[in-house]
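**Student:** Pasting a predicted model and its sequence here:
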Amino acid sequence: MRIKCLICCLILVLLKSGGRLLYAQQAPVLLEARLVDPTGAAIVGAHVGTERTFLVGAVSDEAGYFRLSVPELPVRLIFSHLNYQTTELLIEKRTDLPPQIVLAPAVLNLPDVTVRAQARLDTVYRQPYSVVDYAFFRDHLILLARKNDREGFSLVLLSPEEEVLAEFSLRKWKPRRLHSSCAGALFLVMASGIKEILIEERGLSFGPRISRDDFELGLANCVWANDSLAYFQRYYYQGQALEYYCGYRREPERALTQLPRIEDDPNIVRLIEESGCRLPWSGNIWEENVSGRLYRLREGRYQMQGMWRAFYPRLYAPLHPVDSLFCLFNHFASQLEYYDVEGKLVREQAIDYHQEEKWMKKVYYDPYRQEAYTAFRRNWSAQFYQINLEDGSLRTSVEVELDFIENVQVWNGYLYFLYRNRGKQERNRILHRIRLY
């Protein structure tokens, strides 16, 4: 009798679990509709997600249409866009989703800053390519784009009006990214080496191949240069110390000018101990006569991975030219430091924006206008502020209502960024821009 009861219980359990498995393996539901404003115009670049999967939603295309696959119904859809009010819609069955959804214009009013709600999100280069990387070269914009597995990568040269001037196929190459040097040159970084990109009347061409060691030694660490000066940066102790030094291009025999070193002493001592090294008897971690192991730790490249990267992040203190001076964004010391070309400290200005928890730990510099911006994470969006280089305060805010934007750059008053459209296999990284004025 007990055996029969046990068998019956097992059958009930299997039936219930089998039901759940069948339920979990139901075919996903595809939801399609068009997003428009009150005038009937298509809304481009709106994010569509659900309460559970907002981060892996869809984005409306150039005609305002979106396609979103959900595992089951009912589901609550969330529509968000920089210029429109966030809207939620409960879908219990397919017929609950209207073919056309109207989003109301956003009304933004923050007391601390001025928010430009009228900023428009523009798509740069609407061809069926995924933009892997991009760079500004003189007055042009160069894209490293990928169409599909068969056609591979291409370099695309755009005019200031974003017209296609030239396209160079990289089908047989293995490009990784673009690199803009401090001297104004542009390079294509590949697995096998680096080549300089040249713009000629007939289109794009390349200089001779450069080895990776020569590239990192002479170009990768240069942060700014003109005809007479060149500023370089150098990290020590796995990014826990940073030093800038200036070389004189017309006077190579002249001694280098060094700015004061920025160093996180407690982190350096802890790193030395956790690496199994010994401190010098003198206690001076910068003396020349140290053990070979400590020397390699001090001079070696940044190699932190995984959780070690969280314990030992690189010091972030970018250096940018402002008029005739150089501004060092010394976040470690909570101040802006202005130096002249001789490396002398001219003035200091306290800052505190970097102490906010949601700071995105980045300064975006516009070399064309010599303006600096920074950003903060706001729920599923990013809020960008201009840094007042006179008093260190923040002003003029622009919000980008897209989650996890990539490769943000500021050029000539525009904010550029890549957005990954996870709902598409092809053309899943699109270049957008927003005007900052």
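**Tutor:** Right, received. Where do you want to start? Residues are numbered from 1 along each chain as shown.
**Student:** contacting residues around the residue lying closest to residue 230 once chain neighbours are set aside?
**Tutor:** In space, and not counting its chain neighbours, residue 230 is closest to residue 247: 5.0 Å by C-beta to C-beta, 6 or more residues apart in numbering. Where C-beta positions appear, they are placed from N, C-alpha and C, glycine not excepted. If a contact means C-beta atoms under 8 Å, 6 or more residues apart in numbering, then residue 247 has 229-230, 232, 256 as its contacts.
**Student:** Same check on residue 197?
**Tutor:** Contact analysis of residue 197 by C-beta under 8 Å, 6+ apart lists 137, 142, 155, 178, 186-188, 204, 206-207.
**Student:** so which helix or strand takes in it?
**Tutor:** For residue 197, the enclosing helix or strand under DSSP states H and E is strand 193-200.
**Student:** shaky segments in the stretch 51-200 of the chain?
**Tutor:** Along the stretch 51-200 of the chain, segments meeting pLDDT under 70 span 51-57, 82, 107-119.
**Student:** picking that back up, which one of the contacts of residue 197 sits closest to residue 74?
**Tutor:** Here the nearest of these to residue 74, counting by C-beta to C-beta, is residue 178; it sits at 45.6 Å.
**Student:** Take the contacts of residue 197 and write them to TSV, including secondary structure.
**Tutor:** Output for those, formatted as TSV (DSSP: H, G, I helix; E, B strand; the rest coil):
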residue	secondary structure
137	strand
142	strand
155	strand
178	strand
186	strand
187	strand
188	strand
204	strand
206	strand
207	strand
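**Student:** Kindly indicate which of those residues lies nearest residue 313.
**Tutor:** Of the contacts of residue 197, the one sitting nearest to residue 313 (C-beta to C-beta) turns out to be residue 178, at 24.7 Å.
**Student:** Would you check that that closest one makes contact with residue 185?
**Tutor:** No. At 11.2 Å, residue 178 does not count as touching residue 185 under the criterion of C-beta atoms under 8 Å.
**Student:** Let me see the ranges of the strands in the stretch 251-400 of the chain.
**Tutor:** Along the stretch 251-400 of the chain, counting by DSSP state E, counting those that start in this stretch, strands occupy 257-258, 262-263, 319-322, 325-330, 335-339, 345-350, 359-366, 371-378, 381-387, 394-400.
**Student:** could you pull out the helices for this structure?
**Tutor:** Using DSSP state H, the helices of the chain run over 2-24, 212-215, 265-274, 292-299, 307-311.
**Student:** Where among the ones you listed is average confidence lowest?
**Tutor:** Mean pLDDT values for those show the minimum at helix 2-24, a mean of 39.
**Student:** quick revisit: give the ChimeraX command for selecting the buried subset of the contacts of residue 247.
**Tutor:** Selecting just the buried residues from the contacts of residue 247 in ChimeraX takes one command, with 16 or more other C-beta atoms under 10 Å as the test:
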select :229,230,232
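**Student:** now, which of the contacts of residue 247 sits nearest residue 307?
**Tutor:** Checking the contacts of residue 247 against residue 307 by C-beta to C-beta gives residue 232 as the nearest, at 30.5 Å.
**Student:** residues near residue 358, how many?
**Tutor:** Residue 358 has 11 neighbours, counted by other C-beta atoms under 10 Å.
**Student:** For residue 81, give its distance to residue 406.
**Tutor:** 19 Å (C-beta to C-beta, to the nearest Å).
**Student:** what does residue 334 give?
**Tutor:** Relative to residue 406, residue 334 is positioned 28 Å away (C-beta to C-beta).
**Student:** what do you get for residue 380?
**Tutor:** Note on residue 380: its distance to residue 406, by C-beta to C-beta, is 15 Å.
**Student:** Look at the two and report which has more neighbours.
**Tutor:** residue 380 (17 against 11).
**Student:** Quick one: neighbours of the closest residue to that one other than its chain neighbours, just the number.
**Tutor:** Leaving out its chain neighbours, the residue that sits closest to residue 380 by C-beta to C-beta, 6+ apart is residue 403, at 4.7 Å. By the measure other C-beta under 10 Å, the count of residues near residue 403 is 20.
**Student:** Okay, residue 403 and residue 420: tell me how far apart.
**Tutor:** Applying C-beta to C-beta, one obtains 9 Å for the distance of residue 403 from residue 420.
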